[in-house]
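A.B. asks: Task: produce atomic coordinates for the following.
(2 chains)
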Amino acid sequence: MFELLGIPLQALFGQLLIGLINGAFYALLSLGLAVIFGLLNIINFCHGALYMMGAFVAWLALQHLGIGYWAALVIAPLAVGAFGIVLERTMLHRLYKLDHLYGLLLTFGFALILEGVFRNEFGASGLPYVIPDSLTGASNLGFMVLPNYRAWVIVFSLAVCLGTWYVIERTKLGAYLRAATENPTLVQAFGINVPRMITLTYGFGVALAALAGVLAAPIYQVSPLMGSNLIIVVFAVVVIGGMGSIMGSIVTGFMLGLVEGLTKVFYPEASATVIFVIMAIVLLIRPQGLFGRRG
Amino acid sequence: MAGAAHSATAPVTGDAFRTQAVAFVVMAAAFALAPAVVYPVFLMKAMCFALFACAFNLLVGYVGLLSFGHAMFFGMASYVSAHAAKVWGLPPELAILAGTATSAALGMVAGAIAIRRQGIYFAMITLALSQMVYFFCLQAPFTGGEDGIQAVPQGMLFGVFDLKNTAVLYATVLAVFLGGFLFIYRIIHSPFGQVLKAIRENEPRAVSLGYSVDHYKLIAFVLSASLAGLAGATKAIVVQLASLTDVHWSMSGEVVLMSLLGGLGTIFGPVLGAVTIIAMQNYLAQLGSWVTIVQGVIFVVCVLAFRRGIVGEFARLIKKQL
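C.D. replies: Purely as a prediction, here's the structure:
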């Protein structure tokens, strides 16, 4: 057996894989947060709860309606996105003229309500979600055994992240979006319906969270609390990356997942806190974040 | 957060001071007489959380910094105070002092990191730092993990007052609470407090006037952390328990809720908010996770319709500063 610094290579690659999976979720969630923050200037505290909701929509669809994984991958983001749009239209949009911190407080309230409702309904313990037949099994790569579902999660979430980046940075729609981030009044003066754009952006960011929830359902168990601990780590990821850049969110997400995986190999005691320590160091050296802009 | 806090912005005139003095006497008398009708342990717990909320409000209401991680100061002080009283056998006053000092030191470190960003980032950073402290407390051997530190001895205060006597304990907690409250009042109305308000209203302008803003923010942060620690350390002696609940992020959320409900940037709001929320938890405890839902609903209602909070709205009604 090959070894590196006394660590078997199998274990090393195994942890790196787990890190990459976590990184995929960090990237998807921080991407959604960054997109929402760009246009709405609020930090969506219920992002974790909506991720949990995405997983539950998939679970409920399978249990009660017999709708499988592939359909859930489309249905859950649409359903949760629609739910987000309702939240934005009925409540969030009243707060845009106020201090941005009220948006944080309101979405924190949403998060508490959603978590409470799901915990009442389904209890606090995790519910299993089976891996779809077409993605069961594993491939032997020679140096490690790669479960097919995990490979799919990494590839798919990377594709979604890069697709989002392409739309925002390289298309006309994205240009409107970036312009509205810089100066909404001016963009509106050019005849673009900015309020509708804001609503749809919120819906899209929330849908990304739900998509991450569906992807996570077969790996982690579906539980009402699955979102709240994850979202705090994602906040740290967002602070490290800075929310100024889309590509920055993606890169930081994957990178920190890997760092966390490596820490689990070399110094497991610190694996839960390593991202927060990195956040503190980044704040001391470069307060605006790795990819953030000054000011 | 500035909008909610205007009631306390103007300098204190003789009239306003009189109103606040009357309100303070009413509050002190209410807490002093309440044990005759209400369960004293509940009241002592409420006073600890009231002090905690006042300490939090010092930062959000008067410097405009929303901390989402104040549980780390409350919980850490609670652990240290419990450990000092139980394992080191320190008398209660020294145990509480040890807890408060730990929180002050922690506040110094966390503050130095967090004040490098403002607004939403500040909230996220404090939340992340407090999650780090939570994981530390989960793993550190002295905290007792999931069990926490139980059966903390209450001991003899200054070697003379037996805190096992509920009346003596109640008087002690009342003194700590009122002392902390007056200290915060004094900070807010000092020249130092005026600079804090200037920073809240317009930070670039405060910089241009020559104030070293970061310095002021850090001192305010450390003061707020220490007072939150004092509350947590006292709570550990009162309920004889320090547990992971005290450092969990939901505790940070609760203190935000208390201040928001009572009125951000009002002097008496956090006290009323804390008593309301603790009473709600006490009487709704059998409803289980419904408490979380109710708290969430209060958040939503407060933010959408009721941003001044109970005391803020009342103060506006009677056109006084409270």
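A.B. asks: Residue numbers of the stretch 51-200 of chain B in contact with chain A?
C.D. replies: B:66, B:68, B:113-114, B:116-117, B:119-121, B:123-125, B:127-129, B:131-132, B:135-136, B:138-139 (CB under 8 Å from any CB of the partner chain). Glycine gets a C-beta too; all of them are placed from N, C-alpha and C.
A.B. asks: Narrow the residues you listed to just the buried residues.
C.D. replies: The neighbour count (16 or more other CB atoms under 10 Å in any protein chain shown) marks B:66, B:68, B:113-114, B:116-117, B:119-121, B:123-125, B:127-129, B:131-132, B:135-136 as buried among those.
A.B. asks: Which of these fall in helices?
C.D. replies: Assignment to helices by DSSP state H places the following of these there: B:113-114, B:119-121, B:123-125, B:127-129, B:131-132, B:135-136.
A.B. asks: Mind picking the two most distant members of these?
C.D. replies: Looking at these by CB to CB, the two members farthest from one another are B:G119 and B:F136, with 26.7 Å of separation.
A.B. asks: Need the nearest residue in space to B:L51, chain neighbours excluded.
C.D. replies: B:A231 (4.1 Å; CB to CB, 6 or more residues apart in numbering or on different chains).
A.B. asks: Distance from the chain centre to the helix or strand containing A:N120, please.
C.D. replies: With elements delineated by DSSP states H and E, A:N120 resides in helix A:100-122, which encompasses its position. Distance of helix A:100-122 from the chain centroid (CA atoms, centre = their mean, to the nearest Å) equals 17 Å.
A.B. asks: coming back round to it: can you check what pLDDT the model gives the residue nearest to B:L51?
C.D. replies: Reading off the confidence values, B:A231 has pLDDT 96.
A.B. asks: And for it, the neighbour number?
C.D. replies: The burial count assigned to B:A231 is 32, neighbours taken as other CB atoms under 10 Å in any protein chain shown.
A.B. asks: Would you confirm that it contacts B:C48?
C.D. replies: Yes: look at B:A231 against B:C48 with CB atoms under 8 Å: they come within range, at 5.0 Å.
A.B. asks: Which elements pack onto the helix or strand that B:V294 is a member of?
C.D. replies: Take DSSP H and E as the rule and B:V294 turns out to sit in helix B:290-305. Helix B:290-305 makes packing contacts with helix A:100-122, helix B:249-262, helix B:269-284 when contacts are defined by 3 or more CB pairs under 8 Å, 6 or more residues apart in numbering or on different chains; DSSP states H and E.
A.B. asks: what's the longest helix in the chain?
C.D. replies: Since you didn't name a chain, this refers to chain A. Ranked by residue count under DSSP H, the longest helix found in chain A is helix A:9-40.
A.B. asks: wrong one, I was asking about chain B
C.D. replies: Longest helix in chain B by number of residues (criterion: DSSP H): helix B:213-239.
A.B. asks: Who are the packing partners of that one?
C.D. replies: Helices and strands touching helix B:213-239, by 3+ CB pairs under 8 Å, 6+ apart, are helix B:40-62, helix B:71-86, helix B:92-114, helix B:166-188, helix B:191-201, helix B:203-208.
A.B. asks: Measure how that helix sits relative to helix B:92-114, angle-wise.
C.D. replies: In this structure, helix B:213-239 runs at an angle of 150 degrees to helix B:92-114, with axes from the mean of the first three to the mean of the last three CA atoms, to 10 degrees as the basis.
A.B. asks: List the buried residues in helix B:213-239.
C.D. replies: Here helix B:213-239 shows B:213, B:216-239 as buried, counting by 16+ other CB under 10 Å.
A.B. asks: ok, now which ones touch A:S139?
C.D. replies: By CB atoms under 8 Å, 6 or more residues apart in numbering or on different chains, the contact set of A:S139 is A:145-146, A:148, A:151.
A.B. asks: just the CA coordinates of stretch B:97-116, formatted as CSV?
C.D. replies: Backbone C-alpha positions of stretch B:97-116 (Å, rounded to 0.1, in the frame of the first residue of the first chain) are rendered in CSV as follows:
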residue,chain,number,x,y,z
LEU,B,97,-15.4,37.5,37.6
ALA,B,98,-13.4,34.7,35.9
GLY,B,99,-16.2,34.1,33.4
THR,B,100,-16.6,37.8,32.7
ALA,B,101,-12.8,38.2,32.2
THR,B,102,-12.8,35.3,29.8
SER,B,103,-15.5,36.9,27.7
ALA,B,104,-13.7,40.2,27.7
ALA,B,105,-10.6,38.5,26.4
LEU,B,106,-12.6,36.6,23.8
GLY,B,107,-14.4,39.8,22.9
MET,B,108,-11.0,41.4,22.3
VAL,B,109,-10.0,38.7,19.8
ALA,B,110,-13.4,38.3,18.1
GLY,B,111,-13.9,42.1,18.0
ALA,B,112,-10.5,42.7,16.4
ILE,B,113,-11.4,40.3,13.6
ALA,B,114,-15.1,41.2,13.2
ILE,B,115,-14.8,45.0,13.1
ARG,B,116,-12.8,44.8,9.9
